[in-house]
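Asks: Provided below for reference: sequence and predicted model.
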Amino acid sequence: MKTVLLNNDRSLSGRFYQFKVRLFSSLRFHQFIRKVPIIKYLINYEGGRIYDVMAGFVYSQILHSLVELDILQYLKSGGRSLSELSNFTKIEEDKTLTLLRSACALKLIYFKNNSYWLSRMGVQIIAIPGLLEMIRHNQLLYKDLDSPVSILKGKENTYLSNFWPYVKNIKSNLGSKKDNSAQYSKLMQTSQRLVAEETLDTFSLTGFKNILDLGGGTGAFLYEVNRRYPDIERSLFDLPDVINEAEKNKSSNKHFANIRLIAGSFLEDDLPKGFDLISLVRVLYDHQDDTAEKILSCVYKALPNDGKLLITEPMSGGINPSKSSDCYFSFYTMAMTTGKVRSFDEHKAILKKVGFSRVKKHVGSASFITQVITAEK
């Protein structure tokens, strides 16, 4: 009886779906609803959203142009006229005006008293650490997405895979590691400041004695740890060329000075032991499931009993997808050719498989920046 009801329900659902498709595909229906105020508003709203999805790439390039031309920085000191901005950018006034009007439409700047000024959004773009660098870096992703279908079909040679060669661990890329290490280390350091702040706002490190940041770049996360928890002993484990870049920070800033730097590969070398907390900050989503499982297994072996693992990175919304992770970061990792954005349940399954328990998701205030999971041995 239950099977019959279920089949009837599915049949009813299917018929309703087909009715909806036929109805909203009808030109006559759209002509009719334009005369019905409430429905007209709904359809126009959805039409505007469709337009924004289609035009989104253009919006991103307007933002990139403002950053590339240093217009936002130029407006930091005050309002500027069209002629001043044209002279500054060395672009003809009519084309400068096109850019400025488009930026006003996106509410990145505004026009008042014959001058252009930074909006609140515009101020934040130049104020948030690492954001300008990420906007410039995104051009590599946009180049790869020139043919998104080729990325979906598994294109191997991409701009992002060449920028992040350490992820692949392929011999043909080993020679480019040293050349790229300074560039990607700088990007990691600047972009991870926000991640570090959101992570430590979401999960308290009170009670921990020492932490190993695995794949921690040049120490951006541990910098924030030291600023908030100066009594926690800090160690960083990363590739030798990245460690060389991290060494430069130790002499320039007191928050980096006491970090113990350990060179190695978490895919090839045994991990150091003796830490009650090991952190993986935007590491696992760089790798496919088999590699992520290998990393987590190594972490499990390195931790003492009752030791804790901290994972912080973009995460899929699962059955409730999010734009930040399931759109942006999912395509970003595909373009890298190695990574994968996982949901909490996907993380939990791998963690349980390698032996972890008490897997918990911690809810923060800015999930578009990062999300946090902890697990215990």
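Replies: Received the coordinates, thanks. Residues are numbered from 1 along each chain as shown.
Asks: Report the separation between Q192 and W117.
Replies: 31 Å (C-beta to C-beta, to the nearest Å). Heads up, the C-betas are built off the backbone N, CA and C, glycines and all.
Asks: When the two are compared, which one has more neighbours?
Replies: Q192 (25 against 16; other C-beta atoms under 10 Å).
Asks: Excluding covalently adjacent residues, which one is nearest to the more buried one?
Replies: A220 (4.0 Å; C-beta to C-beta, 6 or more residues apart in numbering).
Asks: With H64 instead?
Replies: Nearest one to H64, counting by C-beta to C-beta, 6+ apart, is I135 at 6.1 Å.
Asks: Just the pLDDT at that neighbour, thanks.
Replies: Note on I135: pLDDT of 92.
Asks: List the contacts of the helix or strand hosting it.
Replies: In this assignment (DSSP states H and E), I135 forms part of helix 131-144. Residues from elsewhere that reach helix 131-144 (C-beta atoms under 8 Å, 6 or more residues apart in numbering): 57, 60-61, 63-64, 67-68, 124-126, 151, 155, 158-160, 163, 186-187, 190-191, 331-332, 335.
Asks: Same question for stretch 118-127.
Replies: 63, 67, 72-73, 75-76, 107-110, 131-132, 135.
Asks: quick revisit: mind checking how far the residue nearest to H64 is from Y159?
Replies: 16 Å.
Asks: quick check: angle from the helix ranked longest in the chain to helix 131-144?
Replies: Across the chain, the longest stretch assigned as helix under DSSP state H is helix 37-68. Counting by axes from the mean of the first three to the mean of the last three C-alpha atoms, to 10 degrees, helix 37-68 lies at 100 degrees to helix 131-144.
Asks: hang on, the earlier thing: tabulate the contacts of stretch 118-127 (TSV), appending distance to Y17 and neighbour count.
Replies: Shown next, in TSV, are the contacts of stretch 118-127 (distance: C-beta to C-beta, whole Å; neighbours: other C-beta atoms under 10 Å):
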residue	distance to Y17	neighbour count
L63	38	20
V67	44	20
L72	46	22
Q73	51	14
L75	50	24
K76	52	12
K107	37	11
L108	40	24
I109	44	25
Y110	44	16
L131	42	17
L132	45	18
I135	40	17
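Asks: Domain boundaries for the chain, per the record?
Replies: Per automatic domain parsing, the domain ranges recorded for the chain read 36-127, 131-376.
Asks: Just put those in CSV and tack on distance to Q18.
Replies: Below are those laid out as CSV (distance: least, C-beta to C-beta, whole Å):
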stretch, distance to Q18
domain 36-127, 20
domain 131-376, 24
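Asks: Nearest to L27 among these would be which one?
Replies: domain 36-127 (12.9 Å; C-beta to C-beta).
Asks: pLDDT score assigned to F266?
Replies: pLDDT, F266: 87.
Asks: Need the three-state assignment for Y285.
Replies: Secondary structure for Y285, judged by DSSP: H, G, I helix; E, B strand; the rest coil, is helix.
Asks: OK, contacts around the nearest residue to it once chain neighbours are set aside?
Replies: Nearest residue to Y285, sequence neighbours excluded (C-beta to C-beta, 6+ apart): E313, at 4.8 Å. The neighbours of E313, taking C-beta under 8 Å, 6+ apart as the test, are 195, 280-285, 370-371.
Asks: Any chance of a markdown table for those, columns pLDDT, neighbour count and distance to Y17?
Replies: Shown next, in a markdown table, are the contacts of E313 (pLDDT from 0 to 100; neighbours: other C-beta atoms under 10 Å; distance: C-beta to C-beta, whole Å):
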| residue | pLDDT | neighbour count | distance to Y17 |
| --- | --- | --- | --- |
| V195 | 91 | 23 | 41 |
| L280 | 97 | 24 | 42 |
| V281 | 95 | 23 | 43 |
| R282 | 93 | 22 | 39 |
| V283 | 93 | 22 | 41 |
| L284 | 95 | 26 | 37 |
| Y285 | 94 | 24 | 34 |
| T370 | 93 | 24 | 37 |
| Q371 | 96 | 27 | 33 |
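Asks: pLDDT score assigned to G175?
Replies: If you check G175, the pLDDT there is 42.
Asks: before we move on, what about the one 4 residues further on?
Replies: The predicted local distance difference test score for D179 is 51.
Asks: before we move on, what about A335?
Replies: 92.
Asks: With V36 instead?
Replies: Reported pLDDT for V36: 70.
Asks: thinking again about what came up before, so what secondary structure elements neighbour the longest helix of the chain?
Replies: helix 27-33, helix 93-105, helix 131-144 (3 or more C-beta pairs under 8 Å, 6 or more residues apart in numbering; DSSP states H and E).
Asks: what about 10 Å?
Replies: helix 27-33, helix 71-74, helix 82-89, helix 93-105, helix 120-127, helix 131-144 (3 or more C-beta pairs under 10 Å, 6 or more residues apart in numbering; DSSP states H and E).
Asks: Was I right to think Y300 contacts V354?
Replies: Yes. Shown here, Y300 and V354 form a contact pair, counting by C-beta atoms under 10 Å, at 5.1 Å.
Asks: Mutual contacts of the two, please.
Replies: 375, 377 (C-beta atoms under 10 Å, 6 or more residues apart in numbering).
Asks: Phi and psi next, for F329.
Replies: phi -70, psi -30 (degrees, to the nearest 10).
Asks: what's the burial count for it?
Replies: Residues near F329, counting by other C-beta under 10 Å: 22.
Asks: Show the contacting residues for it.
Replies: Taking C-beta under 10 Å, 6+ apart as the test, what F329 contacts is 282, 285, 313-316, 322-323, 339-341, 368.
Asks: mind listing what's buried in stretch 140-155?
Replies: 140-141, 144-145, 151, 155 (16 or more other C-beta atoms under 10 Å).
Asks: Next secondary structure element downstream of the helix holding I135?
Replies: helix 148-152.
Asks: Now that following helix: average pLDDT?
Replies: The model assigns helix 148-152 a mean pLDDT of 94.
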